[in-house]
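Chemist: sequence? don't have it. structure:
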């Protein structure tokens, strides 16, 4: 209402197909048996356009800071855009892909600020980080029902603090991912269809 001057009676954030990610979930469970040295690696995925309006410049700065503190940080940039060359200096860039699920398996962090990719990441027990730089994007993220399981900030310093807190406790990191998965699993297409039928049958 604040931005579009009309209060919605119903809100939907879209949905995901859990069955499509069943194989990915089975791979995720195996990650708990990684060796101690492997666990020290931090695996990150960015999902979205590699453009300024998607806050990519902030994610690039964030990755540089994280890499300076942990040489074993690995990042995959899933997307295409004006910042591709800068992203390639920090990790792999895939370009556009049809199915992002395989890039969300066994990740310590996922960078995304789009509802559908956030939901897919959360379903696979990932902790999602998202930046904003204006009031609309801030509201978009903070009013999202799954925001309580996310790390949200408008600046790199603030995000670093939240990441450090999350990583200070393996139990906290794991529980946060589990709660995110429980939430995401409830966001089904049946729920979306039921909402549309309810609205148009009035």
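Modeler: Looks like it arrived, so ask away. Please read these numbers as outputs of a predicted model, since none were measured by experiment. Numbers count the residues shown, from 1 in each chain.
Chemist: Look at the residue nearest to the spatial centre of the chain and report its pLDDT.
Modeler: Note on the chain: the residue nearest the mean C-alpha position is residue 128, at 3.5 Å, using Cα atoms, centre = their mean. In this model, residue 128 is scored at 97, pLDDT.
Chemist: Return the set of buried residues in stretch 142-160.
Modeler: Along stretch 142-160, these residues count as buried under the neighbour rule (16 or more other Cβ atoms under 10 Å): 144, 146, 149, 150, 151, 152, 153, 156, 159, 160. (Glycine included, C-beta is placed from N, CA and C.)
Chemist: In strands, which of those residues appear?
Modeler: Of the positions in the buried residues of stretch 142-160, 150, 151, 152, 153 sit in strands, assigned by DSSP state E.
Chemist: could you dump the residues you listed to JSON lines with pLDDT and distance to residue 95?
Modeler: Putting these into JSON lines (pLDDT from 0 to 100; distance: Cβ to Cβ, whole Å) gives the following:
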{"residue": "150", "pLDDT": "97", "distance to residue 95": "26"}
{"residue": "151", "pLDDT": "98", "distance to residue 95": "26"}
{"residue": "152", "pLDDT": "98", "distance to residue 95": "27"}
{"residue": "153", "pLDDT": "98", "distance to residue 95": "27"}
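Chemist: if we take those, which one ends up nearest to residue 85?
Modeler: Nearest to residue 85 out of those is residue 153 (Cβ to Cβ; 25.5 Å).
Chemist: Tell me what the closest one is bridged to.
Modeler: Partner residues in beta bridges with residue 153, using DSSP bridges, are residue 131.
Chemist: Please give me every residue in contact with it.
Modeler: Residue 153 makes contact with 129, 131, 132, 159, 162 under the criterion Cβ atoms under 8 Å, 6 or more residues apart in numbering.
Chemist: hmm, back to that, closest one to residue 44 out of the ones in strands among the buried residues of stretch 142-160, please.
Modeler: Among those, residue 151 lies closest to residue 44 (Cβ to Cβ), at 12.2 Å.
Chemist: longest helix of the protein?
Modeler: helix 170-185 (DSSP state H).
Chemist: helices or strands next to that helix in the packing?
Modeler: helix 115-123, helix 156-167 (3 or more Cβ pairs under 8 Å, 6 or more residues apart in numbering; DSSP states H and E).
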